[in-house]
Each structure stands twice: as structure tokens, then as C-alpha cells.
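Engineer: fold the stuff below for me.
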Amino acid sequence: MGKVTGFLEFERVEEAYEAKESRKQHFREFIPTLTDEQAKIQGARCMDCGIPFCMSGCPVNNIIPDWNDLVYRHDWKTAIEVLHSTNNFPEFTGRICPAPCEEACVLRINEDAVGIKSIEHAIIDKAWAAGWVTPRPAAHKTGKKVAVVGSGPAGLACAQQLARAGHGVVVFERNDRIGGLLRYGIPDFKLGKWQIDRRMEQMAVEGVSFRTSVHVGNQRPGKGIPDWATGMIAPGKLLAEFDAVVLAGGAEQPRDLPIPGRELNGVHFAMEFLPLQNKRVAGDAGVPDLRATDKHVVVIGGGDTGSDCVGTSNRHGARSITQFELLPMPPDVERNPVWPYWPTRLRTSASHEEGVNRDWSIATKAFVGGEGEMSAKVTALKAVRLEWRDGRMNEIPGSEFTLPADLVLLAMGFVSPVQSVLDAFSVETDARGNAKATTDGLGCYATSVPRIFAAGDMRRGQSLVVWAIREGRQCARAVDGFLMGSSELPR
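Structural biologist: Numbering: from 1, shown residues only. Next comes the predicted model:
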């Protein structure tokens, strides 16, 4: 513990954001890392608790007190070694994780939490700049081959761990670039895609091969799911070529809103809208011109995907942006009332701060088209206010209203992985449509089909990037143990 009284002497220091009007003019990251001195002060605030609840709050169980202390002592090189021992991609989590570790921080009971996420961000950025992040190829090859289907954080973490164990690993991705929803889903202003590219370079040297634009399965995914595959590969071919297959795709099946007018032009799933901007930023030509420019935009759904739609629409220059949430407005509380657990509280993102009208307890009843030649185009929506009693929603009589809407984005979450992929492998699913597999004991992460494993959103449903990394790492250990009889990979 670097400074015994640090938590009494220093206040939390937030990372500085670029000014709202300035950052809305571009799609670059706008949150710089802490300075060395700021990071040191944040590290000094860590109390080195007898029970580090921050570690249990973190799904990958980052050894947070240790690297807080190391940053306080300016031992950055050891700090990145400790951080990498539990987390393959801290540059992702240090930018887009909602930081459940901070809600579990003991200081959070009556003070502002230690800035754990900002310290993580600072450690990995310094490590890349100093050249400390280097490939770690296996000393010996096992001769075993593993196919990883899906290149999001679960697939990449699993692939990297398996390659470091000496296995030959091939990652299959349906879209034209590696990264899954990190690449096509999260806006570039939250995560620059060069972060993914340099990890790919490291993994390639470690022995991971990447095959893009290949859909694994017998049937293409449906509406609302990004798909730029130019070829398909049958599950039987993978099983014939590889010793094990890991299904690590995302929970990509979006929740629909089947109400009158759903077929109108201008009503889109969020994942029909967001990936197109990722492709524009990447410099792709011929990207469909689905933009929010000069439009009245309505985002239905109050989560992170909805927030990303708001930030992207602001950068397009939308005329107005409204965001609806079906549930009541959460309480705006300063402390964590359910410490050390994740609280339900009002959360305002950087995208919200850039400009949006947020409204809660709203049910959308119908989409309305225009007249004459514009009849197939959405021009408004009809909605009603709700009253929630005993967990049930009730429409408030006389509260109906109509709102102008030229572009409606459905961001109501994701219900399951792509079912056609699971069906193609004949994998047993749970009640929610996820691949059925346990996470503990002998045979963990193994599906009902021999030699096929599942991890991340494919197994647990829609979740956080940090959970995906955890499951990818644990699944790699399970696969390694299956292939070799035992495994020295960390859990």
C-alpha cells in the first residue's frame, strides 16, 4: 500500500473530456489518459482493503490493489504485467467497460470510488507507447488445431490463450474485418479500431490465423444482423478439419417492435445503422447512405446501444434526438445503495451530454407514414405514457401523443445469439436460446455436441465486454485441458 492516508488526502480525478461542441465534429476518441501524476494520485487513494471487493466486482478478477500500488510507485512495467495476467485486452475494457469494479470499491460506500478504470486506461496506453506489449508465441507447438467462430472479445481472448498454449488457431469472422461488435457496433469515438488492429498484429505473430467474410453455418443470419460474408463453410467441414471448435459469436439477434407501421422506410434496428458509420470511418466506399443528418431521430431503448445511436446521430447533425425507455426513470442517487453490487441508478453517458431529449415510461404504439408519394416513409410515431404498478405497466388514459420522426432506431437489446449458427451445429440451447454449457467443473464450456465449446454472449446471452474476455479465457483453458489432458492456462 503506497500511501496509507491517500484516500483521506486526495479526491477522485476524472479523465478530461474534449468539449462537447468540438468532439461532435469528429469520430475520434475524445478521452485522453491521465497524466502520470494524476494516475499516481488515483493509485494512492486505494486503501488496499482486507477484502478487495473491487476484484470480486470485476468479472476477470483484475488484481486491482496491486496495480494501483505499482502505479503509485511509478512501476508501470510491473503494473502492465499484473494487468495482463488477468485481462488480455485492457485497452478495450479501459475504454468501454462500465466499471463494476468501481461500484464495488469500498470507498464507494461514502466517498467517490478510486478511478480504477482510468488507471487501467493509463497503464495499457503507457505500455503500448513504451513497447512493453509484445507477442508471446508458444515455445512448442502441440499439433492440435482449434477453430474459433466469432472475433469479438470472447473469441479473441480464447484464440490468444490457445495460441500461447501452442495450438494452431484459426478465427472465423462473418464480416469483412476482425473485431465483432468491437469493430461493427461500438462507435469509433468510444473505441478507435486501430486498437483492435494492433492486437491482431500481436496475435498473428503468436500464431493466430484470421479468416474474414466467412459465415459458418448453413443459413445466413436475418434482418438487423451485420453480414458482409462472401462465402460460407459448413459445420461438418470445421469438425473434420479441426480438433475442437469454439462458438464465440455475439448475442446479435435484436429485439424487434412488431407494431403497426413497422414496415415503413426509416424504421431500422440500431445494428443496421451503427456499423455503417464504422465502415465510413474505415474509408469504405459504397456504404449505404443511412444517416441522421437533418432528421428528427427517435431512439427506442435506453441502454448503451441507444446511447451509441444518440452520439452517432449528434455527429451526423440530426435536427432533433429523442430517446425513449419503456421502464421508469431510475433514481439519481450519488452513492451505491446496494454496495458492493451493481446498482440501478440514472446513468448519463458522454453521448447524452452532447444533446438528447430522454423520456421514460413510454410505450410506442405505432409508426405513422406520410401522405402521397411519402406514404411508405415514416414521418411520426404514436406513443403513450405508462404507470408502473407492482411490476406491471399500465397505460395512462389521455396521455397519448404523436412525435415527428424521420428516423427511428430500435435499440431495445438483443434476445439471443444467431439461432441458425447453433442449429447448424445441432447444439442444445437453454430457455433463452443460448448455447447450453456450464462454467465450472469437468467439461465446462463444452456443449451437447462433442468437440464443440461455447463462450461469451453465445453461451451467456447479451453481456459486457469484460464478461466476454473472462469466458474466452476460461473456455481456452477448458479446450486446452480437453485436447491435452490437463492445462496450465490461467482461469
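Engineer: drop to CA atoms for contacts and neighbour counts, all remaining ones
Structural biologist: Noted.
Engineer: and the gap between the closest residue to residue 195 other than its chain neighbours and residue 80?
Structural biologist: The spatial neighbour of residue 195 that comes closest, neighbours along the chain excluded (CA to CA, 6 or more residues apart in numbering), is residue 91 at 7.2 Å. Residue 91 sits 11 Å away from residue 80, going by CA to CA, to the nearest Å.
Engineer: for these two, list the residues in contact with both.
Structural biologist: residue 124 (CA atoms under 8 Å, 6 or more residues apart in numbering).
Engineer: between those two, who's got more neighbours?
Structural biologist: residue 80 (25 against 20; other CA atoms under 10 Å).
Engineer: secondary structure class of the more buried one, three-state.
Structural biologist: Judged by DSSP: H, G, I helix; E, B strand; the rest coil, the three-state class of residue 80 is helix.
Engineer: surely it touches residue 121?
Structural biologist: No - Residue 80 is beyond contact range of residue 121, at 10.6 Å (criterion: CA atoms under 8 Å).
Engineer: common neighbours of those two, please.
Structural biologist: Joint contacts of residue 80 and residue 121 (CA under 8 Å, 6+ apart) do not exist.
Engineer: quick check, central residue of the chain?
Structural biologist: The residue lying closest to the centre of the chain (CA atoms, centre = their mean) is residue 465, at 4.2 Å.
Engineer: which ones are touching that one?
Structural biologist: Residue 465 touches 92-93, 96-97, 153-154, counting by CA under 8 Å, 6+ apart.
Engineer: try 10 Å
Structural biologist: 59, 89, 92-93, 96-98, 152-154, 181-182, 456-457, 471 (CA atoms under 10 Å, 6 or more residues apart in numbering).
Engineer: with residue 132 instead?
Structural biologist: Counted by CA under 10 Å, 6+ apart, residue 132 has contacts 76-77, 80-81, 124, 126.
Engineer: pLDDT at it, what is it?
Structural biologist: Looking at residue 132, its pLDDT is 98.
Engineer: could I get the phi/psi values of residue 367?
Structural biologist: Phi and psi for residue 367, reported as degrees, to the nearest 10, are phi -100, psi 140.
Engineer: which residues of this protein score low on pLDDT?
Structural biologist: Residues of the chain meeting the criterion pLDDT under 70: 1-2.
Engineer: which helix in it has the most residues?
Structural biologist: In terms of residue count, the longest helix belonging to the chain (DSSP state H) is helix 465-484.
Engineer: could you export that one as CSV, CA atoms only?
Structural biologist: The C-alpha coordinates for helix 465-484 follow below in CSV (Å, rounded to 0.1, in the frame of the first residue of the first chain):
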residue,chain,number,x,y,z
VAL,A,465,-17.0,-7.0,-22.9
VAL,A,466,-15.3,-7.9,-19.6
TRP,A,467,-17.5,-11.0,-19.2
ALA,A,468,-16.7,-12.0,-22.7
ILE,A,469,-13.0,-11.8,-22.1
ARG,A,470,-13.4,-13.8,-18.9
GLU,A,471,-15.4,-16.5,-20.6
GLY,A,472,-13.0,-16.6,-23.6
ARG,A,473,-10.0,-17.2,-21.2
GLN,A,474,-11.8,-19.8,-19.2
CYS,A,475,-13.0,-21.6,-22.3
ALA,A,476,-9.5,-21.7,-23.7
ARG,A,477,-8.4,-23.4,-20.5
ALA,A,478,-11.2,-26.0,-20.9
VAL,A,479,-10.3,-26.6,-24.6
ASP,A,480,-6.6,-26.9,-23.7
GLY,A,481,-7.5,-29.4,-21.0
PHE,A,482,-9.7,-31.4,-23.4
LEU,A,483,-7.0,-31.6,-26.0
MET,A,484,-4.0,-32.2,-23.8
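Engineer: in that helix, what's buried?
Structural biologist: By neighbour count with 16 or more other CA atoms under 10 Å, helix 465-484 contains the buried residues 465-483.
Engineer: kindly report the same for stretch 235-242.
Structural biologist: Buried, per 16+ other CA under 10 Å, within stretch 235-242: 235, 238-239, 242.
Engineer: identify the residues contacting it?
Structural biologist: Looking at what lies outside stretch 235-242 - CA under 10 Å, 6+ apart - the contacts are 144-149, 168-170, 216-218, 244-245, 421-422, 424-426, 450-452.
Engineer: ditto for stretch 480-491
Structural biologist: By CA under 10 Å, 6+ apart, stretch 480-491 touches 60-61, 85-86, 142, 144-146, 161-162, 164-167, 243-244, 442-444, 446, 451, 470-479.
Engineer: rerun that using 7 Å as the cut-off
Structural biologist: Contact with stretch 480-491 is made by 162, 473-474, 477, as judged by CA atoms under 7 Å, 6 or more residues apart in numbering.
Engineer: likewise for stretch 293-302?
Structural biologist: 306, 316-325, 404-412.
Engineer: out of these, which end up buried?
Structural biologist: 306, 316-318, 320-325, 404-412.
Engineer: quick one: which of those residues sit in strands?
Structural biologist: Per DSSP state E, strands hold the following members of these: 320-325, 404, 407-410.
Engineer: okay if I get these as CSV plus distance to residue 103?
Structural biologist: Listed next are these as CSV, based on distance: CA to CA, whole Å:
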residue, distance to residue 103
320, 33
321, 30
322, 29
323, 26
324, 26
325, 23
404, 38
407, 36
408, 33
409, 30
410, 29
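Engineer: buried residues, stretch 371-385. List them.
Structural biologist: 376-385.
Engineer: how far does it sit from its chain's centre?
Structural biologist: Here stretch 371-385 is found 33 Å from its chain centre; the criterion is CA atoms, centre = their mean, to the nearest Å.
Engineer: same thing with stretch 38-55?
Structural biologist: For stretch 38-55, the distance to the chain centre is 25 Å (CA atoms, centre = their mean).
Engineer: how about that stretch: buried residues?
Structural biologist: Those would be 38-48, 52-55, for stretch 38-55 by 16+ other CA under 10 Å.
Engineer: between the residues you listed, which is nearest residue 191?
Structural biologist: Closest approach to residue 191 among the buried residues of stretch 38-55 (CA to CA): residue 39, at 20.9 Å.
Engineer: contacts only, for that closest one.
Structural biologist: Contacts of residue 39 (CA under 7 Å, 6+ apart): 71, 119.
Engineer: so it is in which element?
Structural biologist: Per DSSP states H and E: residue 39 is located in helix 36-44.
Engineer: which is the succeeding secondary structure element to that helix?
Structural biologist: helix 53-57.
Engineer: which residues are in contact with that next one?
Structural biologist: Taking CA under 7 Å, 6+ apart as the rule, helix 53-57 contacts 61-64, 100-102, 104-106, 340.
Engineer: any chance of those in TSV, with distance to residue 20 and neighbour count too?
Structural biologist: Formatted as TSV, those follow (distance: CA to CA, whole Å; neighbours: other CA atoms under 10 Å):
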residue	distance to residue 20	neighbour count
61	34	17
62	32	22
63	34	20
64	31	25
100	26	21
101	27	28
102	25	23
104	30	25
105	29	28
106	32	23
340	32	20
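Engineer: can you tell me how far residue 174 is from residue 434?
Structural biologist: Distance from residue 174 to residue 434, by CA to CA: 19 Å.
Engineer: ok, now residue 486?
Structural biologist: Taking CA to CA, one finds residue 486 at 27 Å from residue 434.
Engineer: go on, residue 120?
Structural biologist: According to CA to CA, residue 120 stands 31 Å off from residue 434.
Engineer: ok, the contacts of residue 465 vs residue 329, which is closest?
Structural biologist: residue 98 (19.0 Å).
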